[in-house]
Every structure is written in structure tokens, then in C-alpha cells.
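Asker: What follows is a protein structure lacking sequence information:
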Ligand code: 13P
């Protein structure tokens, strides 16, 4: 049985103090929540204050990106051991904003996933097609290619520790959500691919989250689909009341 995951990707929002206040509010609101894993991913500068704010609460900490090397002359980068010692359990890898705005390649995604796993961080691996690709009926081709390259050379044991987020690029920050059926279809396709790459048992263990304009108004419909094991929430995770509602809709 997969336990639903609701993860908040705060992107480049919230100063250190604002991050502390939002996380403290979420701790108050979500302390009694059970049967769902809650993860929040502030920007790097918010990790330390958020870690303090969520102490002794069920909320888990995640980061939004990392470099694949452990250390070195890589100005501006952060490594897996740094995230681990900052209290992270999860790290988002291959978000479409990183792929499209910062030219992150599938090979880089693969290296980052391997490094995260080596240091016991669970990677939340983002996949998803752009609008023109969907319109050209290339969704499956794009997602398959991203998935195969992201998971290249991973063992079954490693693959089982990952989380996937299917985030169609056309649904991110646009207010245009995939319908529950569209999302479920893509998730089913991803699970079949995982099953053929690894094993059925392994595929059944991996949470596949949906991301793209998830709001309190649509989360319940999405989350009740058989293949949707949670959500990766952008904009609506910046507001404590909205995020709480999304979390509760998963229970
Ligand atoms: P929105 O929920 O703002 O569409 O963002 C989704 C996302 O990119 C989460 O990673």
C-alpha cells in the first residue's frame, strides 16, 4: 500500500523569516494529520529556519535541486551531503523549470538521482510533456524518454526509494489542470514503464504524484484516482490554509 504524499514546492518564494512563519503555521495546522506524508521544499536559504519550525511535527523537509558531486569547485551549487545534514529527507530533481530555464539535461538528472540515493535522500523526479508535445500526441514518447534516461543504471532497490512527479508543463502555474482522467492515464503509463524496466513489485511501491495547478478545489478529484499517489503543489503550497486543505483532501 502506498501512502499518499503531498509535497509543497515553494520555488523562489519566501525569505528566511517568511519561510519560518509559513512552516510554523503549517505545523500548527497539520500536527494531527495521519495517513499522508507531508513534505515542504523551501528555497535553500529557508532550509534551516523551516527545519527549526517543523521540529517534532510529522512534516518532512525537502530541497528543490542539488549538484551530483559531493563537494568541489562548483560555485553556487549545493551537494547531497549538505542537504542531508541540513535535515532534508527529499530533493526535487529535474523540475521542468530547471530543465527549461536552466538547461538541465536528462544525463544531469540521472547523475543527481544517483547522488541523492547514495546519501539516503529520496529524489522526487519530475517528468512531463510540453503543450506542443501533447498536441502532437507525443506525451508518451516524451515521458518514456525522460523516465528511461532518469532511471538509467539504477538497481531495483534504488528505484524503489524514488518518488515520481508527473507534471505536464502546460499545467504548471497556468491554472489549467490535467483532468483526473488525463493524469491517471499518464500515471498508468509511467507505472507500466517502471514495471517493464524493473519489476511489477517495484513499480507498485513507487509513489507517482501529480503536479500542475493543484488547488483545494481540484485536489480531491485528482487524488481519488487509482494511480495518483499524491501531489506536488506549487502556488497553493505558499498559503497555509490552501495547503492544509490539499493535505486533508488526501486523507
Ligand atoms: P503550480 O501548482 O503552481 O502549478 O506548480 C506546480 C509545480 O511546478 C510543482 O512543482
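Answerer: Yep, it's here. Since the structure is predicted, the reported quantities are computational estimates derived from the model, not experimental observations.

Asker: so who does the residue of the stretch 1-150 of the chain found nearest the ligand touch?
Answerer: The stretch 1-150 of the chain approaches the ligand most closely through residue 9 (3.7 Å), counting by Cβ to the nearest ligand atom. Placement of C-beta: from N, CA and C, glycine included. Contacts for residue 9 (Cβ atoms under 8 Å, 6 or more residues apart in numbering) come out as 41, 64, 92, 95, 211, 232-234, 237.

Asker: Could you rerun that using 7 Å?
Answerer: The contact partners of residue 9, by Cβ atoms under 7 Å, 6 or more residues apart in numbering, come to 41, 64, 92, 232-234, 237.

Asker: what do you get for residue 187?
Answerer: 166, 208, 227-228.

Asker: and the contacts of residue 9 near the ligand, which?
Answerer: 232-234 (Cβ under 6 Å from any ligand atom).

Asker: Please list the members of those that lie in strands.
Answerer: Secondary structure from DSSP state E places 232-233 of these in strands.

Asker: phi, psi of residue 60?
Answerer: Torsion angles at residue 60 (phi, psi; degrees, to the nearest 10) stand at phi -110, psi 160.

Asker: before we move on, back to that, reformat the contacts of residue 9 as TSV; add neighbour count.
Answerer: Shown next, in TSV, are those (neighbours: other Cβ atoms under 10 Å):
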residue	neighbour count
41	27
64	23
92	27
232	27
233	28
234	21
237	27
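
Asker: Can you pick out the most distant pair from those residues?
Answerer: 64 and 233 (13.1 Å; Cβ to Cβ).

Asker: Which residues outside stretch 172-185 are in contact with it?
Answerer: Outside stretch 172-185, the residues that touch it by Cβ under 7 Å, 6+ apart are 96, 166, 168, 170-171, 210, 212-214, 218, 221-222, 225-228, 234-235.

Asker: Selection in ChimeraX covering whichever of these are buried, please.
Answerer: Applying 16 or more other Cβ atoms under 10 Å to these, the buried members can be selected in ChimeraX as follows:
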select :96,166,168,170,171,210,212,213,214,218,222,225,227,228,234,235
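
Asker: burial of residue 56, as a residue count?
Answerer: Other residues near residue 56 come to 7 when the count uses other Cβ atoms under 10 Å.

Asker: Ignore what I typed, I meant residue 28.
Answerer: Residue 28: 12 surrounding residues under other Cβ under 10 Å.

Asker: so what's whichever residue of the stretch 151-251 of the chain sits closest to the ligand up against?
Answerer: Closest residue of the stretch 151-251 of the chain to the ligand, Cβ to the nearest ligand atom: residue 234 (2.2 Å). Taking Cβ under 7 Å, 6+ apart as the criterion, residue 234 is in contact with 9, 11, 172-173.
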